[in-house]
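[1] need a 3D model of the following:
(one chain, ligands or ions: 2)
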Amino acid sequence: MKVLFLNPQGNFDDKDSHWTQHPDFGGQLVYVKETALAMAKKGVKVDIVTRLIEDEGWKEFADEIEHYQGSDVRIVRIPFGGKKFLRKELLWPHLYEYVKGIQSFYKKAQGYPDFITSHYGDGGLAAAMFREEKKVPYSFTAHSLGAQKMQKLRINKENFQYYEERLHFSKRITAEKIAMANASTYIVSTRQEQIEQYGHPLYQDVVHIHSSKFKVVPPGVNTKIFQPKTENQQEDAVKERLKKVIQRDIAEERKKLPFVIASSRLDKKKNHLTLVNAFGKKINLRKKANLLIVIGGVENPYHDYSKLKEEEQKILDEIMNSIKINQLKGKVAFISLNNQKELAACYRQVAEKGGLFSLTALFEPFGLAPIEAMACGLPVVVTKNGGPLEVLKEGDTSYGLLVDPEDEEDIAEKITAVLSNKERWQYYQKQGILRVREKYTWERTAEGYIASIEEILKTGDKGENRGIPSYYKGYSHFLEKDVQQMKEAYLST
Ligand SMILES: O=c1ccn([C@@H]2O[C@H](COP(=O)(O)OP(=O)(O)O[C@H]3O[C@H](CO)[C@@H](O)[C@H](O)[C@H]3O)[C@@H](O)[C@H]2O)c(=O)[nH]1
Ligand SMILES: O=P(O)(O)OC[C@H]1O[C@](O)(CO)[C@@H](O)[C@@H]1O
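    Ligands and ions are numbered 1, 2, ... in the order given. So this is what the prediction gives:
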């Protein structure tokens with residue numbers, strides 16, 4: 001069986017370059033790579049199909065074909081939308097060129113795939129356009145849906161146009177709906193995603209939340225990387241770097257305190273700010289811990305972060321401002337980590353000193369970072385908005401603490417509750433490790449995908465035949481009326 005993973009945004013290479021150092025290089029790439037590798041290990045022929053980029057700043061993505069070391073999985077890069085890097089919000093008008101490129105690549109080479117898995121609205125739209133012409137069924141994995149992002153960014157009548165011009169939500173929501181309507185199956189990470197995220201009013205004309213198309217397939221954790229205490233030199237390198245950061249950023253009298261570590265992309269919806277403000281406003285929290293913020297690619301934000309993208313600089317400006325007005329200098333440290341191995345080593349160092357992981361995202365569709373931190377033996381205190389609600393609580397059993405990400409009091413209370421009670425800290429350390437071992441492995445994710453694909457290939461394509469607006473094939477402009485229509489629909493929800 002031959003399966004393509006369509007993931008036009010971000011990019012892939014053997015070194016996982018740029019991961020989390022750009023908003024388009026995050027968990028979705030981890031998810032696509034790990035699921036593809038795990039499926040290939042089970043004998044499936046897998047290609048990850050993404051974009052060919054010939055750009056000074058993105059040198060890793062100029063080869064048409066690349067292999068992951070030790071795997072048959074190929075990264076196939078199709079030229080579309082010019083040569084320069086484009087952030088995901090700017091890909092919409094070029095996806096048909098991507099589809100035509102895929103068709104000619106596979107026609108020449110070795111024939112079309114049996115099945116396509118599509119990722120995010122852009123991958124889903126491309127799969128729908130491919131299927132319309134070549135009748136190959138596909139699954140849709142949202143990773144993140146536009147409606148929730150709009151809500152959490154508090155988009156309203158006043159700022160709608162501002163965000164539309166930058167993030168093109170009307171193009172994204174329209175694409176997501178096309179992807180949903182024509183898909184044979186929806187792969188979701190949690191039941192919560194199926195009911196709450198797909199259940200948003202904006203999607204109700206194309207999806208029924210109790211449809212049999214839904215398959216709950218949880219993502220996994222690479223437990224070769226994310227595991228409790230281990231003896232390897234990576235620890236020493238990171239241990240040294242962490243020591244220097246403590247020396248540089250933490251006041252003398254506070255050096256013994258444990259860390260609360262935050263390690264997500266600098267994206268507004270990750271909401272680092274409320275966590276920093278909680279430190280600033282809640283003395284009981286400050287007494288118990290220092291804050292450690294992971295920022296890939298920036299050595300010392302107290303000194304300079306001008307190399308970051310404009311959006312990320314704005315987010316860091318807010319964080320630095322909060323540190324200033326709350327007199328948090330000496331209580332907040334920054335560390336730059338360049339890959340998952342270093343991240344895991346840092347998690348283990350924080351766990352050794354009795355710290356914990358926190359993520360106060362306004363909305364987190366699933367959240368790979370929390371389960372990775374748990375796998376390293378770190379208790380977690382994370383947002384209750386989204387996937388973590390289902391990951392950290394099953395029946396009466398709790399595997400970590402859930403907080404309202406906009407309530408500094410709640411955040412401070414839950415963090416200090418774990419840090420001030422050794423038994424509770426040990427309980428959540430154990431629960432976290434157990435939860436990941438029981439439920440989150442990429443092998444099981446691959447099994448879920450293969451079972452869904454085999455079922456579709458046996459019972460037939462379940463997708464509708466909903467047409468694709470000519471804008472996405474370059475025959476027209478995105479019509480103002482479509483923007484207005486989505487704006488009214490969104491503002492009425
Ligand atoms: O220095 C770093 C820091 C983080 N990461 C990785 O980046 C990923 C972050 O993933 P996640 O915590 O899931 O956040 P997002 O990047 O926002 O991922 C999106 O896609 C994921 C997969 O579907 C979902 O879990 C998220 O909810 C969704 O927002 C993790 O695997 C981290 O290991 C690195 O590789 N290097
Ligand atoms: O915040 P947005 O625009 O919904 O995009 C999030 C998506 O971007 C990525 O960071 C790209 O990897 C994904 O992890 C995620 O699916």
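[2] near ligand 2, which residues of the stretch 51-200 of the chain?
    120, 143-144, 149 (Cβ under 6 Å from any ligand atom). C-beta here means a position set from N, CA and C on the backbone, and glycine is covered the same way.
[3] kindly indicate the member of those residues with the most neighbours.
    Tyr120 (29 neighbours; other Cβ atoms under 10 Å).
[4] what's that residue sitting at in phi/psi?
    phi 70, psi 170 (degrees, to the nearest 10).
[5] quick one, what contacts it?
    7, 9, 28, 88, 141-144 (Cβ atoms under 8 Å, 6 or more residues apart in numbering).
[6] same deal with Glu176?
    121, 124-125, 142, 145-146, 203.
[7] give me the residue from the chain nearest ligand 2.
    Gly26 (2.7 Å; Cβ to the nearest ligand atom).
[8] how many residues are close by that residue?
    Neighbours of Gly26 (other Cβ under 10 Å): 23.
[9] wait, it touches Lys269, no?
    No. With contact defined as Cβ atoms under 8 Å, Gly26 does not reach Lys269; the gap is 11.2 Å.
[10] hang on, the earlier thing: check the residue of the chain closest to ligand 2 and give its pLDDT.
    Note on Gly26: pLDDT of 92.
[11] how about Arg348?
    For Arg348, pLDDT reads 96.
[12] within the helices and strands, which one has it?
    helix 340-352 (DSSP states H and E).
[13] which helices and strands sit right next to that helix?
    helix 233-249, strand 259-262, strand 290-294, strand 356-359, helix 368-375 (3 or more Cβ pairs under 8 Å, 6 or more residues apart in numbering; DSSP states H and E).
[14] one more time with 7 Å
    Judged by 3 or more Cβ pairs under 7 Å, 6 or more residues apart in numbering; DSSP states H and E, the packing partners of helix 340-352 are helix 233-249, strand 259-262.
[15] mind checking which of the ones you listed is nearest Glu408?
    Distance to Glu408, taken as Cβ to Cβ, is lowest for strand 259-262 among the helices and strands packed on helix 340-352, at 13.2 Å.
[16] the closest one pairs with which strands, and in what direction?
    Next to strand 259-262 in the sheet, as set by DSSP bridges, lie strand 290-294 (parallel), strand 356-359 (parallel).
[17] want to throw the ones you listed into CSV with distance to ligand 1 and mean pLDDT?
    Below are the strands paired with strand 259-262 laid out as CSV (distance: least, Cβ to the nearest ligand atom, whole Å; pLDDT from 0 to 100):
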stretch, distance to ligand 1, mean pLDDT
strand 290-294, 6, 98
strand 356-359, 7, 98
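[18] quick check: which ranges of the stretch 201-350 of the chain have low pLDDT?
    By pLDDT under 70, the weakly predicted segments of the stretch 201-350 of the chain are 230-234.
[19] would you map the strands across it?
    214-216, 259-262, 290-294, 332-335 (DSSP state E, counting those that start in this stretch).
[20] likewise the stretch 1-150 of the chain?
    Using DSSP E, counting those that start in this stretch, strands in the stretch 1-150 of the chain cover 2-6, 45-51, 65-67, 74-78, 115-119, 138-141.
[21] got the contact list for stretch 95-108?
    8, 49, 51, 76, 78-81, 112-113, 122, 125-126, 129-130, 134, 472-474 (Cβ atoms under 7 Å, 6 or more residues apart in numbering).
[22] hmm, which of the residues you listed are the buried ones?
    Buried members of the contacts of stretch 95-108, scored by 16 or more other Cβ atoms under 10 Å, are 8, 49, 51, 76, 78, 80-81, 112-113, 122, 125-126, 129-130, 472-473.
[23] which of these fall in helices?
    122, 125-126, 129-130 (DSSP state H).
[24] reformat the helices and strands packed on helix 340-352 as CSV; add distance to ligand 1 and mean neighbour count.
    Shown next, in CSV, are the helices and strands packed on helix 340-352 (distance: least, Cβ to the nearest ligand atom, whole Å; neighbours: other Cβ atoms under 10 Å):
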stretch, distance to ligand 1, mean neighbour count
helix 233-249, 11, 15
strand 259-262, 10, 26
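[25] just put these in JSON lines and tack on distance to Pro388.
    Conversion of the helices and strands packed on helix 340-352 to JSON lines gives the following (distance: least, Cβ to Cβ, whole Å):
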{"stretch": "helix 233-249", "distance to Pro388": "26"}
{"stretch": "strand 259-262", "distance to Pro388": "14"}
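[26] out of those, nearest to Ser398?
    Closest among the helices and strands packed on helix 340-352, using Cβ to Cβ: strand 259-262, at 18.7 Å.
[27] near ligand 1, which residues of this structure? Just list them.
    Going by Cβ under 6 Å from any ligand atom, the residues of the chain near ligand 1 are 19-20, 26-28, 30-31, 143-144, 219, 263-265, 294, 296, 337, 339-340, 343, 364-369, 372, 387.
[28] what about Trp276, how many residues nearby?
    Slight slip there: residue 276 is Val, not Trp. 25.
[29] that one reaches Ile319, doesn't it?
    Yes. In this structure, Val276 is within contact of Ile319 by Cβ atoms under 7 Å, at 5.4 Å.
[30] check which residues of stretch 187-207 are buried.
    Within stretch 187-207, judged by 16+ other Cβ under 10 Å, the buried ones are 187-190, 192-194, 196-200, 202-203, 206-207.
[31] before we move on, the earlier item: which ones among the residues of the stretch 51-200 of the chain next to ligand 2 lie within helices?
    Going by DSSP H, the helices hold 120, 149 from these.
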